[in-house]
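> build me a model:
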Amino acid sequence: MRRAQPTRAPGTAATRAVAVKGLGPGLLVMVAAAFIVGASAPARGADAKPSPAPQLFLQAMDDVPLMAGLAERPAAGFVFETAAGRIIEAEAVSGPAAKLTAGRVMDFYRAALAALGWRPLGGGRFAREGEILSLATGAAGKGLRVRFSLRPK
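Numbers count the residues shown, from 1 in each chain. Purely as a prediction, here's the structure:
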């Protein structure tokens, strides 16, 4: 059974999504991510600016977005599959030019993760489908380091 979602006005980024009964949470994550990217695109017109680059996701956690200004450090993380679920560590850093603060990073992730179905638990922790995602920020030279930790509940 297909059900079309409302679309935005002509000339703006499309946000049409189709829900198909029986498809798993992976599809929902992709649809939510497409919505985030589409909703942030500017309207087209005579004075329209180019669209921003598509939303990137962490390599280690392909269902967690990577905030603009952060660069993932794949060598600093790991992925481990257990019978109880995934255990993943990932790290991203910003340079001083990005001028990111811990507050801005946490604000971004609170909004972005909520749109992807993560429920905030407080203290940089989020829950979804039997998993807990924790975010921690700290200094990295003159930039900022963000650690992502995913564990089964």
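
> quick one: contacts for residue 90?
58, 59, 60, 61, 64, 72, 76, 77, 147, 148 (CB atoms under 8 Å, 6 or more residues apart in numbering). Where C-beta positions appear, they are placed from N, C-alpha and C, glycine not excepted.

> repeat the analysis, applying 6 Å as the threshold.
Counting by CB atoms under 6 Å, 6 or more residues apart in numbering, residue 90 makes contact with 58, 60, 61, 77, 148.

> got it, and residue 149?
89, 134.

> repeat that for residue 93.
140, 143, 145.

> run the last query once more with 10 Å
69-73, 76, 100, 138, 140-141, 143-146 (CB atoms under 10 Å, 6 or more residues apart in numbering).

> for it, what are phi and psi?
Backbone torsions for residue 93, taken as degrees, to the nearest 10, come to phi -130, psi 160.

> quick check: it vs residue 102, distance?
Residue 93 is 13 Å from residue 102, where distance means CB to CB, to the nearest Å.

> shared neighbours of these two, anything?
In contact with both residue 93 and residue 102: 138, 144, 145, 146, using CB under 10 Å, 6+ apart.

> beta partners of the last one?
This means residue 146. residue 92, residue 137 (DSSP bridges).

> three-state assignment of residue 103?
helix (DSSP: H, G, I helix; E, B strand; the rest coil).

> that one contacts residue 137, correct?
Yes. The pair residue 103 / residue 137 is scored as a contact, 9.0 Å apart, by CB atoms under 10 Å.

> what about those two, which has more around it?
Using other CB atoms under 10 Å as the criterion, residue 103 and residue 137 rank with residue 137 on top: 19 against 9.
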